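Participant: what's the 3D shape of this:
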Amino acid sequence: MYKLFENSNTLAAFVGERWRGYQKEYTRKGLFLVSAPLSSTPLPLYQWIIDNAASFENWDKLRFILMDEQLDKNNKFSYVSQNDTASYERFAREKLLNPLQRYFNDIDRTILKPDLGDLEAFDRMIQEHNGIDLLILAIGARGHYAQVMPGTPLDTGFHIARLIPEFIEAHTKASGAYQGAEFRKYGMSLGHQQVLKAKNIIVMITGESKKELTKQLLSHEIFDTEFPSSIIHHPKIREKVQIYISKEAT
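Facilitator: Take a look at the predicted model:
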């Protein structure tokens, strides 16, 4: 059901090899749509990719789907500035894309995120591509992934979510990837429908703090909206899911 690794670095190298293989496969046919977490969990993976980037094919055909982002709310919702320390796009650029910039003709074209005024259009764009080619997920407080909060209905696509306090605390605590950042109460996120339509799904679980969450995820046999990551047990995608866990998380 899952593969266990000695530590987060060996796990990252394994997932990196998978990413490289999928990039080779899909870019030979067209664009390669990939979406991955913007948190501390995938940092060893991003570093492995940067270190081995020269062995990857067709970087310019990669499109990085921003799976979630922080939002300001005044009269209407808007994305936080890229200069904001809470910006996920800033994180994506600094930790992965900027170090790869010499491989892209246009780095701004590489990042895709929805227009907040027409989230359904972004859903349709991904559907026309027949789903995200590689979707990498991490697991967080109360089983969330991306900014899919407990109670999110199964039929949800890209959406605006009200973030639970546990989510904000986990991201901004002293050991979090966004330490000291001012997290908002709302965020844009992909939804369960993007997971159900994805072609390949990898779940990465690392760190001692994830022990209880690992146990909960593996104990689920069916999808429970109150534990969003249990979407991976949905019968429609169960055979597409690869779960990789570092030993300290078990």
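Participant: how close does the residue of the chain positioned farthest from its centre get to Glu226?
Facilitator: No residue in the chain sits farther from the centre than Asn75, which is 28.6 Å out by C-alpha atoms, centre = their mean. Using C-beta to C-beta, to the nearest Å, Asn75 is found at 32 Å from Glu226. Quick note: C-beta positions are derived from backbone N, CA and C, even for glycine.
Participant: now Ala146
Facilitator: Ala146 sits 16 Å away from Glu226, going by C-beta to C-beta.
Participant: for Leu196, same thing?
Facilitator: Leu196 is 18 Å from Glu226, by C-beta to C-beta.
Participant: compare the two (neighbour count), which wins?
Facilitator: Counted by other C-beta atoms under 10 Å, Leu196 and Glu226 do not tie: Leu196 has more neighbours, with 18 against 11.
Participant: surely that one touches Ile237?
Facilitator: Yes. If you go by C-beta atoms under 8 Å, Leu196 and Ile237 touch, sitting 5.8 Å apart.
Participant: helix or strand next in line after the worst-scoring helix or strand of the chain on mean pLDDT, which one?
Facilitator: In the chain, the helix or strand scored least confidently by mean pLDDT, DSSP states H and E is helix 165-172, which has a mean of 88. As assigned by DSSP states H and E, the chain's next helix or strand after helix 165-172 is strand 186-189.
Participant: what about the helix of greatest length in the chain, average pLDDT?
Facilitator: Ordering each helix of the chain by length in residues (DSSP state H) puts helix 8-27 first. For helix 8-27, mean pLDDT rounds to 98.
Participant: equivalent analysis for stretch 231-247, please.
Facilitator: The average pLDDT within stretch 231-247 is 96.
Participant: all the helices of the protein, residue numbers only.
Facilitator: Applying DSSP H to the chain gives helices spanning 8-27, 43-51, 88-92, 107-110, 119-128, 165-172, 192-197, 211-219.
Participant: could you export these as CSV, including distance to Lys247?
Facilitator: Putting the helices of the chain into CSV (distance: least, C-beta to C-beta, whole Å) gives the following:
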stretch, distance to Lys247
helix 8-27, 9
helix 43-51, 14
helix 88-92, 27
helix 107-110, 34
helix 119-128, 34
helix 165-172, 22
helix 192-197, 26
helix 211-219, 11
